[in-house]
Every structure is written in structure tokens, then in C-alpha cells.
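K.L.:
compute the structure for the input listed below.
(2 chains)
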Amino acid sequence: EPEVTQTPSHQVTQMGQEVILRCVPISNHLYFYWYRQILGQKVEFLVSFYNNEISEKSEIFDDQFSVERPDGSNFTLKIRSTKLEDSAMYFCASRGWAGANVLTFGAGSRLTVL
Amino acid sequence: AQKITQTQPGMFVQEKEAVTLDCTYDTSDQSYGLFWYKQPSSGEMIFLIYQGSYDEQNATEGRYSLNFQKARKSANLVISASQLGDSAMYFCAMREVLTGGGNKLTFGTGTQLKVEL
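P.N.:
The predicted structure is shown next:
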């Protein structure tokens, strides 16, 4: 069964450092997403991406964050100048086409900022 | 704005019994979708079941069924014949269609289910 692959599974970084989280969505999917889950809390929407541009972003997704799809397969989330409160599980998700209902999530990347 | 409410932070069920996890929602949209995802202790998010707002029949997927009551704005998940492997966090979520055609999911706070022998 096709799956969304995320790397790394866990990253520990020092406050102020830049982090790049990588995702390989399902190959024929067109819509891509990042969500965040702070430990013990609910999953929150960060950003959606379609046709090589951001289609919507939440108020969490400020100038510290950026996304790109550099090569047609990878979908990355960059977090600049990390803060302690950025520690969370970050989920990538993809969806096939406009009429498809289901978002398929990756296994997540756990980010720990020290 | 859309809102999902899960009022049961934790639930216990005996193995082989059925359990219902509650979810209520609030939206002004006429067209929407409701999802349940399972999150085991390993952390991944696993899709379980989907119900569209215009679907006349309740969705079923194996041991999972969604009790959709539109007038009451509820979308409860029913797990029949519980298994030890069902122990996990369960999230109810609602889809909002974005202007660009993408979907955004709004999640509830989750229900931690523990299946006991």
C-alpha cells in the first residue's frame, strides 16, 4: 500500500538552529500538508501546498517556517531559528486529487529543541 | 469556524466488547466530511473511516462504523469486538475545503482508548 515517508523520525537540535524535515508524499498525489502535534495536545494544521505554492496557512505558520517541493518528489518543511516551543511531532500528509477525501499521513518527525 | 469536540479523554473497554467514542462538531458549511484517525503509542496517524455530509448511509470499514447523526451534529465511532491492538488515541476530525481546492482538517482533542483482558 502506498505510504507517505518522513525523515528523520526524530531530531534533536539546539535552540536557534535551523531544521529541515523531509517528506516523500505518495507519488501521484497533488495536495500536500504539514500538521503539528505538541506533546499531549491535538493535531494542528500548519500549511497546505498545491501546484508548487502555498494554498493556505495557519497563524502558526509565520515567517519562521517555509515549505518547498524542490524536485517533484520531496516536500520539505524548514524551521528557522528554532525555539523551545517548536518541540512537537510534525506530520506530513498528502491527498490525491480535488475530489479525494482522505489525507494519508506519514509516521511523523519528532523534533526536540533544547 | 469549524469545531470538533471529543468529551471523553479516556475510555476503557473489555476485549471483545463494543465501544463508542463520541464526537460532536460545529460548522456552517453544507458540505463537509468527518474522519476518524487512530494514533498508537508509536505516534503515526492511521486513517480509519470517513463520512461525507451528504452520505445517506453510515460509513463502515470492517470493525469500525461511524454513527452519523446530522441533526445532532454527531459522528461517533463504534468499534466492535475490541482487540488489545485497538488501544490507542483516537481523533475525530472535520474537513474544510479551502479556496485553492485543498483540504484542511480540524482535529478534536482525542480519546485515549484502553482495551483490557
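K.L.:
which residues does the residue nearest to the spatial centre of chain B contact?
P.N.:
The residue lying closest to the centre of chain B (Cα atoms, centre = their mean) is B:W36, at 3.0 Å. By Cβ atoms under 8 Å, 6 or more residues apart in numbering or on different chains, B:W36 lies in contact with B:21, B:23, B:48-49, B:64, B:66, B:75, B:77, B:90-93. C-beta coordinates here come from the backbone N, C-alpha and C atoms, glycine included.
K.L.:
do A:C92 as well
P.N.:
Applying Cβ under 8 Å, 6+ apart, we find A:C92 in contact with A:4, A:6, A:21, A:23, A:25, A:32-35, A:75, A:77, A:105-106, A:109.
K.L.:
can you list the strands that the host helix or strand of the residue nearest to the centre of chain B pairs with?
P.N.:
Under the criterion of DSSP states H and E, B:W36 resides in strand B:33-39. Strand pairing for strand B:33-39, using DSSP bridges, gives strand B:46-52 (antiparallel), strand B:88-97 (antiparallel).
K.L.:
setting aside sequence neighbours, what's the nearest residue to residue 8?
P.N.:
Using chain A. Spatial nearest neighbour of A:P8, excluding adjacent residues (Cβ to Cβ, 6 or more residues apart in numbering or on different chains): A:S109 at 6.0 Å.
K.L.:
wrong one, chain B
P.N.:
Excluding its sequence neighbours, the residue lying closest to B:Q8 (Cβ to Cβ, 6+ apart) is B:T111, at 4.6 Å.
K.L.:
show me what contacts that neighbour?
P.N.:
B:6, B:8-11, B:21-22, B:89-90.
K.L.:
and the helix or strand where B:Q112 lies with strand B:88-97, angle?
P.N.:
Here B:Q112 is covered by strand B:111-116, with elements defined by DSSP H and E. Counting by axes from the mean of the first three to the mean of the last three Cα atoms, to 10 degrees, strand B:111-116 lies at 150 degrees to strand B:88-97.
K.L.:
in strand B:111-116, what counts as buried?
P.N.:
B:111, B:113, B:115 (16 or more other Cβ atoms under 10 Å in any protein chain shown).
K.L.:
follow-up on the earlier one: so of the contacts of B:T111, which ones are in helices?
P.N.:
Nothing among those maps onto helices, per DSSP state H.
K.L.:
helices and strands around the lowest-mean-pLDDT helix or strand in chain B, which ones?
P.N.:
Lowest on mean pLDDT, DSSP states H and E among the helices and strands of chain B sits strand B:103-107, with a mean of 88. When contacts are defined as 3 or more Cβ pairs under 8 Å, 6 or more residues apart in numbering or on different chains; DSSP states H and E, strand B:103-107 sits against strand A:31-37, strand A:43-50, strand B:3-5, strand B:33-39, strand B:88-97.
K.L.:
using TSV, lay out those together with distance to A:S81 and mean pLDDT.
P.N.:
Listed next are these as TSV, based on distance: least, Cβ to Cβ, whole Å; pLDDT from 0 to 100:
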stretch	distance to A:S81	mean pLDDT
strand A:31-37	17	95
strand A:43-50	17	94
strand B:3-5	32	95
strand B:33-39	29	95
strand B:88-97	30	92
